[in-house]
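[1] 3D, please:
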Amino acid sequence: MGSECTTRQQMTFLSANVSEQASPVISIHGLRHTHASLLLYAGVSVGSVARRLGHANMSTTQKTYLHIIQELENQDNDKIMRYLTSLM
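    Reported below is the predicted structural model:
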């Protein structure tokens, strides 16, 4: 029966096993932020990302990643406008 790794365990593993010659150098916090950003760009819900990051509520995630959420909303608005224009 496998046990679920905690975020702290995952970060400890990465710190111990990532080569110093890896390029570019990224901090554990930077890796966490990149991971969350990529999930949002992939269409994962804010709620799921918040839970994955261990945020107590979604508002923390929404505030932290507001720039990405706004960009995704702009992309959605562009898609909607293209679709509506195609109906004419």
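[2] okay, which residue is most central for this protein?
    residue 36 (1.6 Å; C-alpha atoms, centre = their mean).
[3] which other helices and strands does the host helix or strand of that one contact?
    Under the criterion of DSSP states H and E, residue 36 resides in helix 28-41. On a contact count with 3 or more C-beta pairs under 8 Å, 6 or more residues apart in numbering; DSSP states H and E, helix 28-41 meets helix 7-17, helix 46-53, helix 66-86. In short, each C-beta sits where N, CA and C put it, glycine included.
[4] nearest to residue 26 among the ones you listed would be which one?
    Among the helices and strands packed on helix 28-41, helix 7-17 comes nearest to residue 26, with 10.0 Å by C-beta to C-beta.
[5] return the helix or strand in the chain with minimum mean pLDDT.
    Lowest on mean pLDDT, DSSP states H and E among the helices and strands of the chain sits helix 7-17, with a mean of 73.
[6] which outside residues touch that helix?
    5, 28, 31, 32, 53, 54 (C-beta atoms under 8 Å, 6 or more residues apart in numbering).
[7] likewise stretch 26-42?
    7, 11, 14-15, 46, 48-49, 52-53, 61, 64-65, 68-69, 72.
[8] which one of those residues is nearest residue 81?
    residue 72 (15.1 Å).
[9] buried residues in stretch 45-60, which are they?
    46, 49, 50, 53, 55 (16 or more other C-beta atoms under 10 Å).
[10] if we can go back for a sec, relative to helix 46-53, how tilted is the least confident helix or strand of the chain?
    60 degrees (axes from the mean of the first three to the mean of the last three C-alpha atoms, to 10 degrees).
[11] put the alpha carbons of helix 7-17 into CSV.
    Taking Å, rounded to 0.1, in the frame of the first residue of the first chain, the C-alpha atoms of helix 7-17 are listed here in CSV:
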residue,chain,number,x,y,z
THR,A,7,4.6,18.7,-0.7
ARG,A,8,7.4,19.1,1.8
GLN,A,9,8.7,15.6,1.1
GLN,A,10,8.5,16.3,-2.7
MET,A,11,10.4,19.5,-2.3
THR,A,12,13.1,17.8,-0.1
PHE,A,13,13.5,15.1,-2.7
LEU,A,14,13.9,17.7,-5.5
SER,A,15,16.4,19.7,-3.5
ALA,A,16,18.5,16.7,-2.8
ASN,A,17,18.3,15.2,-6.3
